[in-house]
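1. Any chance you could fold what I've pasted below:
(one chain, ligands or ions: 1)
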Amino acid sequence: MVGMNGTGTHPLLLSSCSGLLGMGFRGGASALAANAAVGRPVLTTFVKCSLAGGLAVSGQRGFVSLPEGAQDIGKIVSSASEKLGLGDNQFAAGGFQLALIGGLLAGIRVLGSHAVEYLKKRIVVTAEFDSRDESYSWILNWLSDHPYSKKATQFSVSTTIARGAQKINGEGGDSAVTATYYLPAPGLHFFWYKNRLLWVRTLVDLINNTFLYRERVRPAGSTVATSGAAVENITISTLGRSRELIQSLIMEAQRKFIDRDKARTVIFQADQYGAWRRTKSRPKRPLDTIVMDPKLKNYIVNDAKEFFASESWYAERGLPFRRGLLLYGTPGTGKTSFIHALAGELGLNIYVVNLSSKNLTDDTLSELVSDTPSRCLLLIEDVDAAFVQRESKDAATGITFSGLLNSVDGVSAQEGRMLCMTTNHLDRLDEALIRPGRVDVRARFGKATQSQAQELFVKFFPHPPATPRADDTSKAVLGSHSNKEQGDDSTEESSPLLSQRTESERRAQDAMKQRQTEELAAQFASAIPDQTFSIAQLQGFLMGYKKTPEMAASHVHEFVRQAGSAEVSGTAKIGYDDDEGESKADPPPTAPAKDDQDKQYYWEGSAERQHIRDEKERERRMSLK
Ligand SMILES: Nc1ncnc2c1ncn2[C@@H]1O[C@H](COP(=O)(O)OP(=O)(O)OP(=O)(O)O)[C@@H](O)[C@H]1O
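-> From the prediction side, this is the model:
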């Protein structure tokens, strides 16, 4: 293509060299800068410019034969250089020409990319989702449900739906199998939504500079310490100028995500970076699974409901829209369980602060509290754990008592949240922490009364529902079919009668079982000394007899005699419950001597224990059959 001249000096080389020297250097530099700005390999552009410049000049001077357009450019460029008086100086002229052409091309390129951007904005609607925002989870969840993700040949498998550093671990699966999400693999994906073509893409990985379409950028303002949390972006685009389609997609995704959590209580905890992290979600715990004084239960629930419904009442009086609840009492009496049930009843999520965390400082605590959503339960468990009165219990705890007070009701504290604190030692708390305004309701959770023990038993062994089961109805229908097949004409009339009889028999059976359970519950409760055992202890005992209420009722004396020994209940705990708290029980009549306790397995070899174990073993074998 490129011709050679007879003088031995290659004009193209001459032109390129002169481009680097003299005036051309500046032009080349600006071309380089322009090209760097558009993100293209600079060297390639430089070579292209040099070639074009060289070719144009060479064409003008007759060294090579060039297409007409290029020759015209060459003519314009050389006439311009002649006008500037550079015609005689081959180096200067070549450099000038190169700079002019390079600049021209770079200008065209920049203009071109701006034009493309402009056109894109005019004809493409794009929504961007950042993994630091909750909307990112909506979109991932939506994408994982979209038929495209189920059919895509390139897909990612995940047991989490990530939101920044937050993971939603395997929720939705049963206990044995973790839930799995299928997501389109990183890259560009096209799919249909409401008969319109959409495309989703994640952007270039800036850290590794690889072509992954996945953008990982350091969160704005983050320090090196927080750089572990990479940020990802997803964009969804469609042709057109109306945002309606994408907005409806976002709303659908949001609804789906919220529906997914509707029957669950989501629990957030502070991570080491001082940000809330979604740790788990649980099915909502019904309030009636909590065994406690019904008056107290209703009082707290109604108080909380009233609080969340009276935002304007607080605003009118200039009062901070906050409420504090303190639950105190012996371990295992249901304080935490009640807060979970309360959150379920109110449809709120729980944000848990662990005051003993070494990463927590006054600043992070204050940030965390102000970052809670406007409606939530903020839970501080074992609030006595970090402080004894005003003194920090553990030097490693990064918060001070005044930091805690400021966080819970300082100016930056979020409005609309209910602060729930639990403690086993009310007496260890500083009055300032629990003064009215910070704590509005105090509730004591005591050990089980006899009637609570009875209630627990009935709840633990629920009597079967009195409604007909689906399989029985189908059995009746099946019966009518098989009789028909056998040519029995009377079946059509007798089938409803049959099902009616089955139904009334079942009701009678259910009623009998219910009576039996209640009798056993009464028997169980009568053996339990009042306010001696926590519900958790009683529940632990019942766990040993999950399917045999009769045995639970008959062995309860043993349990009481051994003062709540978990061995009797079949759990792993060994020895006596050493809760000195509020126990009003007399020392257990057959309590072993201290020496025996030290041996731990003092009951080994006892004939009675052996009998119980044999019975349990027999039961276990029966259940396996
Ligand atoms: N009043 C109760 N009603 C129903 N279940 C209860 C009750 N009290 C305790 N339990 C059961 O006992 C276990 C422990 O309860 P929970 O953690 O709520 O007690 P807690 O008072 O918060 O204890 P701690 O002070 O040690 O944190 C849970 O499995 C819970 O279901």
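2. Quick one: name the residues of this structure near the ligand.
-> 289-292, 331-337, 422, 424, 445, 535-536, 539 (CB under 6 Å from any ligand atom). C-beta coordinates here come from the backbone N, C-alpha and C atoms, glycine included.
3. Recalculate using a threshold of 5 Å.
-> 290, 291, 292, 331, 332, 333, 334, 335, 336, 337, 535, 536 (CB under 5 Å from any ligand atom).
4. Show me those residues that map onto helices.
-> Counted as lying in helices by DSSP state H, out of the residues of the chain next to the ligand, are 335, 336, 337, 535, 536.
5. Show me which of those is closest to residue 113.
-> residue 336 (58.2 Å; CB to CB).
6. roughly how far apart are the closest one and residue 423?
-> Counting by CB to CB, to the nearest Å, the separation of residue 336 from residue 423 is 11 Å.
7. ok, now residue 506?
-> 48 Å.
8. For the closest residue to residue 84 other than its chain neighbours, pull up the helix or strand it's in.
-> Distance criterion CB to CB, 6 or more residues apart in numbering; nearest residue to residue 84, sequence neighbours excluded, is residue 96 at 7.0 Å. Using DSSP states H and E, residue 96 sits in helix 90-123.
9. Show me what counts as buried in stretch 257-275.
-> For stretch 257-275, burial by neighbour count (16 or more other CB atoms under 10 Å) applies to 257, 260-261, 264-271, 273-275.
10. And the furthest pair within these?
-> 260 and 274 (27.1 Å).
11. returning to that earlier point: quick one: mean pLDDT over the helix holding residue 96.
-> In this model, helix 90-123 has a mean pLDDT of 82.
12. Give the other helices and strands that that helix contacts.
-> helix 11-20, helix 22-37, helix 42-61, helix 68-83 (3 or more CB pairs under 8 Å, 6 or more residues apart in numbering; DSSP states H and E).
13. Report the rounded mean pLDDT for the shortest one.
-> Confidence over helix 11-20, taken as the mean pLDDT, stands at 40.
14. start the count at 53, not 1, going forward
-> All right, first residue 53 from here; so that's helix 63-72.
15. For the stretch 253-402 of the chain, which segments are assigned as strands?
-> Applying DSSP state E, counting those that start in this stretch to the stretch 253-402 of the chain gives strands spanning 285-291, 316-322, 328-335, 375-381, 402-405.
16. Sorry, wrong one. I was asking about the stretch 403-552 of the chain.
-> Going by DSSP E, counting those that start in this stretch, the stretch 403-552 of the chain shows strands at 428-432, 439-440, 443-444, 469-475, 493-497.
17. quick one: which of these is nearest residue 406?
-> strand 428-432 (8.2 Å).
18. For whichever helix or strand residue 559 is part of, enumerate the helices and strands it packs against.
-> Using DSSP H and E, the element containing residue 559 is helix 543-579. Applying 3+ CB pairs under 8 Å, 6+ apart, we find helix 543-579 packed against helix 502-512, helix 522-537, helix 601-613.
19. Report the angle between the first one and helix 543-579.
-> This points to helix 502-512. Helix 502-512 and helix 543-579 meet at an angle of 150 degrees, taking axes from the mean of the first three to the mean of the last three CA atoms, to 10 degrees as the criterion.
20. Could you give the backbone dihedrals for the residue of the chain found nearest the ligand?
-> In the chain, the residue that lies nearest the ligand is residue 386 (2.7 Å; CB to the nearest ligand atom). Torsion angles at residue 386 (phi, psi; degrees, to the nearest 10) stand at phi 100, psi 20.
21. so it makes contact with residue 348?
-> No. Using CB atoms under 8 Å, residue 386 is not in contact with residue 348; the gap is 11.0 Å.
22. Tell me, how many residues neighbour residue 157?
-> Residue 157: 18 surrounding residues under other CB atoms under 10 Å.
23. let me fix that: residue 202
-> 10.
24. where does the closest residue to it other than its chain neighbours land in three-state SS?
-> Excluding the flanking residues, the one nearest residue 202 by CB to CB, 6+ apart is residue 234, at 6.3 Å. What DSSP: H, G, I helix; E, B strand; the rest coil gives for residue 234 is strand.
25. Pull the number of nearby residues for residue 234.
-> 18.
26. and if you look at residue 478?
-> Neighbour number of residue 478 under other CB under 10 Å is 15.
27. likewise residue 376?
-> Count around residue 376 with other CB under 10 Å applied: 22.
28. now the residues of the chain next to the ligand as a markdown table including pLDDT?
-> Below are the residues of the chain next to the ligand laid out as a markdown table (pLDDT from 0 to 100):
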| residue | pLDDT |
| --- | --- |
| 342 | 95 |
| 343 | 94 |
| 344 | 93 |
| 383 | 92 |
| 384 | 92 |
| 385 | 94 |
| 386 | 93 |
| 387 | 95 |
| 388 | 94 |
| 389 | 95 |
| 587 | 94 |
| 588 | 93 |
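29. got CSV for those, with neighbour count too?
-> Listed next are the residues of the chain next to the ligand as CSV, based on neighbours: other CB atoms under 10 Å:
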residue, neighbour count
342, 18
343, 26
344, 23
383, 16
384, 22
385, 27
386, 22
387, 24
388, 19
389, 18
587, 23
588, 16
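30. just those now: which is nearest residue 168?
-> Of the residues of the chain next to the ligand, the one sitting nearest to residue 168 (CB to CB) turns out to be residue 388, at 57.7 Å.
31. and that closest one, what is it in contact with?
-> With contact set as CB atoms under 8 Å, 6 or more residues apart in numbering, residue 388 has these partners: 433, 474.
32. looking at the helices and strands packed on helix 543-579, which has the lowest confidence?
-> It's helix 522-537: among the helices and strands packed on helix 543-579, that one has the lowest mean pLDDT, namely a mean of 40.
33. What separation do you get for residue 606 and residue 302?
-> 60 Å.
34. nope, residue 484 is what I meant
-> For residue 484 relative to residue 302 (CB to CB), the value is 45 Å.
35. Just want to know which of the two has more residues nearby.
-> Comparing residue 484 with residue 302 by other CB under 10 Å, the one with more neighbours is residue 302, at 18 against 13.
36. The more buried one touches residue 179, doesn't it?
-> Yes. Counting by CB under 8 Å, residue 302 does reach residue 179; the two are 6.7 Å apart.
37. unless I'm mixing things up, residue 406 is touching residue 412, no?
-> Yes. With contact defined as CB under 8 Å, residue 406 reaches residue 412; the gap is 7.3 Å.
38. more crowded one of the two?
-> residue 412 (23 against 16).
39. got the contact list for the more buried one?
-> Residue 412 neighbours (CB under 8 Å, 6+ apart): 322, 326, 405, 406, 449, 450, 451.
40. isn't the second one right up against residue 411?
-> Just to be clear, that refers to residue 326. Yes. With contact defined as CB under 8 Å, residue 326 reaches residue 411; the gap is 7.2 Å.
41. ok, and the helix or strand in this protein with the lowest average confidence?
-> helix 646-650 (a mean of 38; mean pLDDT, DSSP states H and E).
42. Roughly how far does residue 160 sit from residue 455?
-> Residue 160 is 60 Å from residue 455, by CB to CB.
43. Between those two, point out the one with more neighbours.
-> Neighbours were counted for residue 160 and for residue 455 using other CB under 10 Å; residue 455 has more, 19 against 10.
44. can you pull the pLDDT of that one?
-> Residue-level pLDDT assigned to residue 455 equals 86.
45. got any ranges where the stretch 553-677 of the chain has weak pLDDT?
-> Scanning the stretch 553-677 of the chain for pLDDT under 70 picks out 615-669, 671-677.
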